[in-house]
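1. Starting from these lines, generate the structure:
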Amino acid sequence: MSVKTEIKCPDCQSPIFIESNLLLAGQSFKCSNPNCHTSISLSLSETQKVAKAFNEFQQIRQNAVEQAQKYE
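-> Coordinates of the predicted model:
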C-alpha cells in the first residue's frame, strides 16, 4: 500500500506532495512552488527505519480492519 500525502516546504511553506513507496525507494520530491528549489528525500540510513515503521503501521491497520469486519 502506498500513501499519498503532503508536507509543508521548510523554506516557503508550499506543499510538497509525496508518495510513501517512492520515498522509501529513494526518490526525492520537489516543492510545488516553481520559485522554490527545495526538495526532500530520505537518507539511505533513514530509509530502513521508515520502511520498518511503515510496515508496522500497515500491520496495525490490517489488524484493525479485520477486527472491524468481525463486528459487522
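2. and residue 52, what element?
-> Taking DSSP states H and E as the criterion, residue 52 maps to helix 44-70.
3. where does the chain dip in pLDDT?
-> Counting by pLDDT under 70, the ranges of the chain that qualify are 1.
4. contacting residues for the residue positioned nearest the centre of the chain?
-> Centroid-nearest residue in the chain: residue 20, 3.5 Å away (criterion: C-alpha atoms, centre = their mean). For residue 20, the contacting residues are 2-5, 54, taking C-beta atoms under 8 Å, 6 or more residues apart in numbering as the criterion. The way it works is simple: take the backbone N, C-alpha and C, and place the C-beta from them, glycine included.
5. So of the residues you listed, which two are at opposite extremes in space?
-> Greatest spacing in these, by C-beta to C-beta: 4 and 54 (13.3 Å).
6. Residue 16: neighbouring residues, count only.
-> Under the neighbour criterion other C-beta atoms under 10 Å, residue 16 is assigned a count of 21.
7. Same check on residue 23?
-> The tally of other residues near residue 23 (other C-beta under 10 Å) stands at 21.
8. Tell me the secondary structure at residue 35.
-> Here residue 35 takes the coil state, with states given by DSSP: H, G, I helix; E, B strand; the rest coil.
9. What sits closest to it if chain neighbours are left out?
-> Using C-beta to C-beta, 6 or more residues apart in numbering and skipping the chain neighbours, the partner closest in space to residue 35 is residue 12 (7.7 Å).
10. sec struct for the one you found, please.
-> For residue 12, the assignment made with three-state DSSP gives coil.
11. Tell me which residues touch it, please.
-> The neighbours of residue 12, taking C-beta under 8 Å, 6+ apart as the test, are 31, 33, 35-36, 38.
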